[in-house]
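Asks: Give me the fold of what follows.
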Amino acid sequence: MNHAPTPGALHAPTRLRAFAALPFLLALALHLTVLAVSGDRLPDPLATHFAPDGRADGWTDPTAFALISAGLLVGLGTGWTLLVRRAALWGAWLTAGATGALLALLVRDNLDATDPAQVVSPLANLTVAAGAGGIAALVGWALTRLVPPEDAPRETPDRQGETLPLGPSEVAGWSRVVDSRPMGVTGAVLVAAAPVALLLTPWPVGLALAAGGVLVLGTARVRVTVDRRGLTLRPALAPWPRVRVPLDEVTGASAREIDALAEFGGWGYRVRAHRTGMVMRSGEGLVVRREGGREFAVTVSDARTAAALLNTLAERRGRV
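Replies: Presented below is the predicted three-dimensional model:
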């Protein structure tokens, strides 16, 4: 019997995303207001990067700083809005509060400076920003009560043991490309944040963000193949890195629904106690059982066909 969703459950995702976007909109509005009001009191260029002792060692044009800082808040807000879960709403507010506070403190340190090279940003700014983020996190946690709990994922039985009718001499292969919107958004946010980090933090942080963003973007689109070699995964636009489950290690395959956060704690290549997976999204997935009892999972469309073919190929090798 089908049950109609309650009005609260129906609007829960929209309300949750609105609550996730709100702190970034507030931080952006406050930041742009402070820049507009303080414009004639700020040096040109602004001190935006500081050495470990707090003294300025990097400077940025005021217009460029406004664009980059606004882009940072918009990028972080977009990522949180698209990916937020009810239990992590406080994290969106923590991020917005800490980031907004850091930007406000940077503007304050530049106020009325006659020589940008003499601007100092004390280490205590990090403590203040952490405190602001903590207060904002409490607000986000309180707002969680206004968002109805997410519906538990519907249980769907594994489709185990299904095979494809192939003749002894017939050869078959299966291939699909799967995209991950969460990974794409995460990669884009990291790449967008890299220039800001280069301005505001030691340069290795910015380079690490850029490298991480490129890596995540490069694996946000994956080709999944089942053939006589077993199961193979690789980036859709590159031949490497590859992940392969050899056919002689396969003891069975099935298709079932996979919850990315509940089962694997996120997206991308995930390792758990008795299973490993390439989790691109929540939804239909292929689960391969390996010798020793471990499982390998990948979320991909038409997983039932892939599992049936893998079972057939494994039977030919006498593994099932």
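Asks: Does residue 243 touch residue 232 like I think?
Replies: Yes. Under the criterion of Cβ atoms under 8 Å, residue 243 makes contact with residue 232 at 7.3 Å. Where C-beta positions appear, they are placed from N, C-alpha and C, glycine not excepted.
Asks: Identify the residue nearest residue 284 in space, chain neighbours excluded?
Replies: residue 303 (5.0 Å; Cβ to Cβ, 6 or more residues apart in numbering).
Asks: Just give the number of residues close to that neighbour.
Replies: Burial of residue 303 is recorded as 27 neighbouring residues (other Cβ atoms under 10 Å).
Asks: Show the backbone phi and psi for it.
Replies: When read as degrees, to the nearest 10, the backbone of residue 303 gives phi -70, psi -30.
Asks: which ones are touching it?
Replies: Taking Cβ atoms under 8 Å, 6 or more residues apart in numbering as the criterion, residue 303 is in contact with 255-256, 284-286.
Asks: For those residues, which single residue is the most surrounded?
Replies: That'd be residue 286 among the contacts of residue 303, by other Cβ under 10 Å, with 29 neighbours.
Asks: quick one: the closest residue to it other than its chain neighbours from residue 280, how far?
Replies: Leaving aside its chain neighbours, residue 286 sits nearest to residue 303 (4.1 Å; criterion: Cβ to Cβ, 6+ apart). Distance of residue 303 to residue 280, computed by Cβ to Cβ, to the nearest Å: 12 Å.
Asks: same question, residue 182
Replies: For residue 182 relative to residue 280 (Cβ to Cβ), the value is 8 Å.
Asks: Compare those two (neighbour count), which wins?
Replies: Higher neighbour count among residue 182 and residue 280: residue 280, with 27 against 21, using other Cβ under 10 Å.
Asks: for the stretch 201-320 of the chain, what spans make up the strands?
Replies: Assigned by DSSP state E, counting those that start in this stretch, the stretch 201-320 of the chain shows strands spanning 221-227, 230-235, 243-246, 250-258, 268-271, 275-279, 283-290, 295-299.
Asks: scratch that, the stretch 51-200 of the chain is what I was asking about
Replies: 56-60, 159-160, 174-179.
Asks: among the ones you listed, which is the most enclosed?
Replies: Neighbour counts (mean count of other Cβ atoms under 10 Å) averaged over each of the strands of the stretch 51-200 of the chain peak at strand 56-60, with a mean of 18.
Asks: Show me what it packs onto, helices and strands only.
Replies: If you count contacts as 3 or more Cβ pairs under 8 Å, 6 or more residues apart in numbering; DSSP states H and E, strand 56-60 packs onto strand 46-50.
Asks: what lines up beside the strand it packs on in the sheet?
Replies: Looking at strand 46-50 with DSSP bridges, its partner strands are strand 56-60 (antiparallel).
Asks: what sits against residue 272?
Replies: Applying Cβ under 8 Å, 6+ apart, the residues near residue 272 are 263-265.
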